[in-house]
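S.K.: Next comes the sequence, and after it the predicted model I'd like to discuss.
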Amino acid sequence: MTLSKTAGAPAEPLQLGDIQAITLTGYGHLRHAAYLFLRLPRVGGDMCDPNATITPEAHSLLKTTARLANGAKIAPTRAEREKSAINVAFTFDGLAALGLSSATLQSFPPEFQGGMTQDYRARALGDTGTNSPEYWQWGGTKPGLAKNGDQTQAVDLEKLPDLLLLCYAELASQLDAMVADLKSHWVACGAVVIADERAEPDMHDSREHFGFRDNITSVHIDGGFGVKDPGQSIVPAGEFVLGYKNAYGQYTATPCLDGSTDIGKNGTYLVFRKLVQDVPAFWKYCETIAANLPNPTADAIPPEFIGAKMVGRWRSGAPLALCPFADDPALALDSDLVNNFGYSAEDPKGFGCPMGAHMRRANPRDTLSTLDPAGSRVVVDHHRVLRRARSYGAPYEDPTTAEPDGEERGLLFFCVSADIARQFEFVQQTWMMDPKFADMWNEPDPITGQEANVYGDPATGAEFTIPQKTGRIRLRSVPQFITVAAGAYFFLPGIAALQRIVDG
């Protein structure tokens with residue numbers, strides 16, 4: 001990782017040691033990761049009492065655990081990097097259980113206070129149907145309650161975490177020892193381990209379960225960490241770290257202790273979503289579509305072509321905008337080329353990468369339909385997030401021939417943003433889930449969308465259009481390939497603020 005500067009006036013230097021490291025780096029050198037979601041014990045013994053505070057024993061252990069949190073640092077060589085790391089984050093419910101005052105709690109943004117499962121928010125995020133929080137493994141709502149009202153009243157408190165410990169290690173034995181030690185201490189003081197989510201180390205920084213190369217696009221942060229991607233924007237640090245100027249040249253509002261002491265500086269918000277991937281369904285759909293497409297040549301259309309069109313890259317990672325007709329593995333491995341493109345010049349009509357492809361929706365780059373290329377880049381930079389996702393579950397040897405085996409696999413999606421509503425929620429609602437994105441009609445995201453989130457005739461289900469110079473291919477009844485299984489919003493304080501919070 002390297003520090004970066006934009007031309008002209010230098011950015012305000014980041015106080016690296018006070019920023020929890022997961023904010024600025026995904027710990028790429030630490031292959032093994034575990035995420036502990038804990039419900040803390042309350043005074044009086046009722047862990048579902050929303051007005052009870054945590055026990056003195058839990059508070060004491062929290063102070064000890066908080067001191068383990070790793071701050072960011074510049075480490076030019078692998079030998080200088082940490083061999084293991086821990087970061088600490090809280091849900092709003094967890095902060096309330098610490099006994100913070102009402103004035104302090106109300107200084108947090110409403111989306112963090114309300115949580116991911118609020119009824120209107122769940123609908124906006126696409127968490128309906130099989131994605132509904134009432135079906136989540138944890139962090140969701142009680143089944144059958146508050147169907148037409150505010151689901152915050154139906155939150156399943158027994159499965160709602162207060163505390164998140166993000167644990168990373170170079171070796172599996174290190175991670176196992178770290179997690180075992182943390183769990184033994186927390187369980188001994190009365191905490192409940194809501195979930196112990198483990199990433200799959202063999203897939204870290206390589207391919208996700210559908211078989212496509214992952215972790216390609218990075219964000220270059222002005223004045224902070226980031227890989228320099230030729231052709232990509234440099235984004236102000238305040239988009240991701242509180243207390244610094246954002247893309248509007250302003251400071252995002254930060255929470256304060258009792259209206260006076262800033263506890264937001266060098267902190268951020270962490271979004272978590274557990275996404276289950278149906279790999280056999282994805283490739284069988286691609287195979288069926290490819291086999292039934294009319295083709296004027298004798299060559300059969302491969303299923304990989306359909307899959308690449310829906311994702312926006314070939315399985316190697318090569319972008320369709322630069323190689324629309326065939327994969328180019330050499331281009332995919334060239335760091336100067338793999339992200340060095342826009343759509344307005346190379347692929348304005350979507351003949352390479354369709355307008356509705358997953359990658360093009362998540363980052364439209366320079367082709368928002370109502371703006372010129374320069375204006376589009378500016379607006380898109382107002383909605384970027386720092387992705388910190390890792391896969392979980394055993395990978396298939398060949399995803400394209402996968403058969404159901406009863407095992408769960410998917411993505412532990414984390415992202416960092418200083419403004420949950422303007423960044424994560426905007427992208428999820430306006431670009432990913434909207435069936436009318438880019439002047440389309442019945443087309444939510446073909447990878448993360450769902451069949452129920454459409455307008456018009458339900459018989460056609462979700463659609464996906466592959467533009468061609470001789471016409472267009474329109475796929476109908478695109479199934480749902482990804483299901484949300486858990487989720488939560490977390491506050492990730494700066495190191496100094498973390499100490500202030502746990503010290504009361």
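M.R.: On my side now, so go ahead. Residues are numbered from 1 along each chain as shown.

S.K.: Leu98 and Cys286: what is the separation?
M.R.: To Cys286, Leu98 is 49 Å away according to C-beta to C-beta, to the nearest Å. For glycine as for every other residue, the C-beta is placed from the backbone atoms N, C-alpha and C.

S.K.: Over to Leu411?
M.R.: Going from Leu411 to Cys286 by C-beta to C-beta gives 19 Å.

S.K.: just Met432 next, same as before
M.R.: 20 Å.

S.K.: Specify which residue of the two has the higher count of neighbours.
M.R.: Cys286 (23 against 20; other C-beta atoms under 10 Å).

S.K.: What is the three-state secondary structure of the more buried one?
M.R.: helix (DSSP: H, G, I helix; E, B strand; the rest coil).

S.K.: quick one, what contacts it?
M.R.: Contacts for Cys286 (C-beta atoms under 8 Å, 6 or more residues apart in numbering) come out as Pro303, Glu304, Ile306, Gly307, Met310.

S.K.: Just the buried ones from these, in ChimeraX syntax?
M.R.: Command for ChimeraX that selects the buried part of the contacts of Cys286, burial taken from 16 or more other C-beta atoms under 10 Å:
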select :303,304,306,307,310
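
S.K.: OK, contacts around the closest residue to Asn339 other than its chain neighbours?
M.R.: In space, and not counting its chain neighbours, Asn339 is closest to Asp229: 4.5 Å by C-beta to C-beta, 6 or more residues apart in numbering. Asp229 makes contact with Thr217, Ser218, His220, Ser335, Asn339, Asn340 under the criterion C-beta under 8 Å, 6+ apart.

S.K.: ok, now Ala191?
M.R.: Leu38, Arg39, Leu40, Pro41, Ala58, Leu163.

S.K.: cutoff 6 Å now
M.R.: Ala191 makes contact with Leu38, Leu40, Pro41, according to C-beta atoms under 6 Å, 6 or more residues apart in numbering.

S.K.: Tell me how many other residues surround the second one.
M.R.: So the one you mean is Leu40. Applying other C-beta under 10 Å, I find that Leu40 has 26 neighbouring residues.

S.K.: my guess is it meets Asp162, correct?
M.R.: Yes - using C-beta atoms under 6 Å, Leu40 is in contact with Asp162, at 4.7 Å.

S.K.: Outline the domain layout of the protein.
M.R.: 18-201+258-267+493-502, 279-379+433-480 (automatic domain parsing).

S.K.: gap between the nearest residue to Pro230 once chain neighbours are set aside and Gln232?
M.R.: Leaving aside its sequence neighbours, Pro230 sits nearest to Asn340 (C-beta to C-beta, 6+ apart; 4.3 Å). Counting by C-beta to C-beta, the gap from Asn340 to Gln232 is 8 Å.

S.K.: out of these two, which sits in the busier spot?
M.R.: For Asn340 and Gln232, the more surrounded residue by other C-beta under 10 Å is Gln232, and the numbers stand at 21 against 14.
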